[in-house]
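In: how does the following fold in three dimensions:
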Amino acid sequence: GKSKQIGLDAAIEELLTPERVQRLAGNAPECAHVCVAMVKMCRSHDAWEKLNETVVMLSKRRAQPKQAVSRMVQQAMEYIDETPEKSIKVALIEALREVCAGKIYVELEEARLTRLLADIREGDGDVDAAAAVMQDMQVETYGSMDRREKTEFILHQMRLCLSRADFVRAAIIAKKITPRSIQQEDLADVKMRYYDLMVEIHAHNSELLEICRAYLARFETLIAANKSAAETAASGDTSTEKPVVNLVSDEEAWIPELKLVVLFLVLSEHGPMQVDLLHRVRSLPELEKLPALGELLKQLVTDEIIRWGVFKERHEQVLGTVYESFTKPRISGKTALKSIDWVSAIHERIAEHNIRVIAKYYTSIRLSKMAALLDLSQDVAEKRLSSQVSDKKALYAKINRPNGIVSFRKPQNADDDLNVWANSVAGLLDKVERTCHLVHKEIMLFGVSLDGTSPSSAPGPASSNAAT
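Out: Residues are numbered from 1 along each chain as shown. Sure thing, here's the model as predicted:
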């Protein structure tokens, strides 16, 4: 009642005197003890509003020691879960955030309070308010926060930005996490969530090869976790010095990830990185459990024409099932690339592969025959060839449209011809010099002169003097 409130006010007024004495004397531990006593007193009387006022008032007093503010905030944070109503809880969190604002020595407490407030806002359905609360926190500079908590905080920021479709800010925040910083085994679950969020960002930007790399990282993480769990079970080591994160209960949970790797690897445009990933994925021993996808990759690395009709009949159903798993709801509640026409995209990639194979085996070919090999009309085949030449710079080709002939032979300029001639002359001179050396060697070994006479029978200076 009112008398109880009056008694609390009087008790706090009495404690303010020793608090002032200890504060001005520079006795940080004693001052902190008095401040914490006032906070506990407010909690024991269930005076939540008075608690907020007392914490703010004490933090603003002149020359207040850092230790006193820190311990006071930590003590008040223990009461957050004990609040009877959500409004009281929010008021306490906001009061403590006001106390922590701009103070480096309580930056960890401020980050935790901010995340609690964001969770409350998100729980109320106000995602924009939750994202606005979280986005101002720069936890990557906090030295007092451990790596796991710091990374999870940044992932929380990314997820809220993606929930409100703010892909630009999410991509900026994602750069605060480097793949090397989450390679530790005890951060495997964090790594999985990170790459799942990165898939959404790359999907929005239509970066198909980056999506493939993200799923490959998730696949490798699951394989490493299963291997570590198997080694731990085999050794019987129950020590907790090196904890193993239990990602999944199913040992074959990596199969959907590997299927998605293959799908987006096939969808990606041809390039050095794509070719490297193609050979890396094809060499994975786990691919033996997916023979259909292994055959698909084998076709792509082989320099042979792929007939689109046969390819579609064999792989369309399998790839369609894989794509449906990709369009399921994500962590942020959004879906990614639902409208992609993956069949047309794969058809285009197969046509580009066939064009590269044709350019490798033909110096010139009729456009009608090339269109037949590509299973396309002449107009579409010419369009795909032009895209390969002008847009992607993947090969050289020249079309003689009146005659309907495509030439893949790249003409050489005068400098190239001169270089070829100079190399040929240099090679010829090397061969002549080597031949002369071998002839001289034969002369020295067998005593044969160039005129056919033996050097021993030739008249020398001594015989000439005797004759005279």
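
In: doesn't residue 396 belong to a helix?
Out: No: going by DSSP: H, G, I helix; E, B strand; the rest coil, the assignment for residue 396 is coil, not a helix.

In: surely it and residue 406 touch.
Out: No: with contact taken as C-beta atoms under 8 Å, residue 396 and residue 406 are classed as non-touching, separated by 10.8 Å. Every C-beta, even on glycine, is put in place using the N, C-alpha and C of the backbone.

In: okay, the two: which has more neighbours?
Out: Neighbours were counted for residue 396 and for residue 406 using other C-beta atoms under 10 Å; residue 406 has more, 24 against 13.

In: hmm, who's touching the helix or strand encompassing the more buried one?
Out: In this assignment (DSSP states H and E), residue 406 forms part of strand 405-407. Strand 405-407 has contacts (C-beta atoms under 8 Å, 6 or more residues apart in numbering) with 363, 364, 365, 366, 367, 370, 385, 397, 398, 399, 400.

In: and the fourth one, what does it touch?
Out: Put plainly, it is residue 366. Residues in contact with residue 366 (C-beta under 8 Å, 6+ apart) are 404, 405, 406.

In: residue 90 - how many residues pack around it?
Out: By the measure other C-beta under 10 Å, the count of residues near residue 90 is 17.

In: find the nearest non-adjacent residue to it, please.
Out: Among residues not flanking residue 90 along the chain, residue 120 sits closest, at 6.2 Å (C-beta to C-beta, 6 or more residues apart in numbering).

In: then residue 121?
Out: Excluding the flanking residues, the one nearest residue 121 by C-beta to C-beta, 6+ apart is residue 130, at 3.9 Å.

In: ok, the one you found touching residue 122?
Out: Yes: counting by C-beta under 8 Å, residue 122 is a contact partner of residue 130 at 4.1 Å.

In: higher neighbour count, the two?
Out: Neighbours per residue (other C-beta under 10 Å) separate residue 130 from residue 122, with residue 130 holding more: 24 against 20.

In: tell me the mean pLDDT over the helix or strand where the more buried one lies?
Out: In the assignment (DSSP H and E), residue 130 maps to helix 127-134. Mean per-residue pLDDT for helix 127-134: 90.

In: other residues contacting it?
Out: With contact meaning C-beta under 8 Å, 6+ apart, helix 127-134 is reached by 114-115, 117-119, 121-122, 156-157, 160-161, 163-164, 166.

In: and those residues, which are buried?
Out: Among those, those classed as buried by 16 or more other C-beta atoms under 10 Å are 114-115, 117-118, 121-122, 156-157, 160-161, 163-164, 166.

In: which one of those residues is nearest residue 178?
Out: residue 157 (15.9 Å; C-beta to C-beta).

In: list residues touching both of residue 130 and residue 122?
Out: Common neighbours of residue 130 and residue 122 (C-beta under 8 Å, 6+ apart) are residue 160.

In: what does stretch 93-105 rub up against?
Out: With C-beta under 8 Å, 6+ apart as the criterion, stretch 93-105 contacts 52, 55-56, 59, 66, 69-70, 72-73, 76-77, 80, 106-107, 109-110, 113-114, 116-117, 120.

In: just the mean pLDDT for that stretch, thanks.
Out: Averaged over stretch 93-105, pLDDT sits at 92.

In: list the contacts of the closest residue in space to residue 142 that isn't next to it in sequence.
Out: Nearest non-adjacent residue to residue 142, counting by C-beta to C-beta, 6+ apart: residue 107, 5.3 Å away. Contact analysis of residue 107 by C-beta under 8 Å, 6+ apart lists 100, 142, 144, 145.
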